[in-house]
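In: sequence unknown, structure follows:
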């Protein structure tokens, strides 16, 4: 059973930075495409960034392009999300996810079979 554990969330002021990490256990992370999603109170879960199994190909939602960077270290079975120039609109619970497929990147939640418990990111103005 694949397990995902996020860390690195917190509270920052607008313009600040955070780096989220997602540790993968129970399988080799290089077998899966992976992604980051977020959910704000009262809103649906939305795609943030995704990466294919090898880390060569990435995709981002438009509002985070140029500010967020997704990466992975398959030797460490870890997925990352570097978030710079954070805005109050980025406030949400951030989830990492692993797809049942190895290609990707995938932007839709239905392409992901495994989810972490989430980590809170709060950006104040």
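Out: Received it, and whenever you're ready, just let me know what you need. Note that the structure is a prediction, hence the values are computed from the model and not measured.
In: list the buried residues of stretch 91-110.
Out: 91-99, 104-107 (16 or more other Cβ atoms under 10 Å). Bear in mind the C-beta positions are built from the backbone N, C-alpha and C, glycine included.
In: now those in CSV, with secondary structure?
Out: Listed next are the buried residues of stretch 91-110 as CSV, based on DSSP: H, G, I helix; E, B strand; the rest coil:
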residue, secondary structure
91, coil
92, strand
93, strand
94, strand
95, strand
96, strand
97, strand
98, strand
99, strand
104, coil
105, coil
106, coil
107, coil
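In: strands of this structure, start to end?
Out: Listed in chain order, the strands of the chain (DSSP state E) span 3-7, 10-13, 18-25, 34-39, 46-51, 58-60, 68-73, 78-83, 92-99, 112-115, 119-124.
In: could I get the ones you listed as a markdown table with mean pLDDT?
Out: Formatted as a markdown table, the strands of the chain follow (pLDDT from 0 to 100):
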| stretch | mean pLDDT |
| --- | --- |
| strand 3-7 | 96 |
| strand 10-13 | 98 |
| strand 18-25 | 96 |
| strand 34-39 | 98 |
| strand 46-51 | 98 |
| strand 58-60 | 98 |
| strand 68-73 | 97 |
| strand 78-83 | 97 |
| strand 92-99 | 97 |
| strand 112-115 | 96 |
| strand 119-124 | 98 |
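In: residues in contact with the most far-flung residue of the chain relative to its centre?
Out: Residue farthest from the centre of the chain, counting by Cα atoms, centre = their mean, is residue 125 at 22.8 Å. Residues in contact with residue 125 (Cβ atoms under 8 Å, 6 or more residues apart in numbering) are 13, 14, 88.
In: thanks again, I'm all set now.
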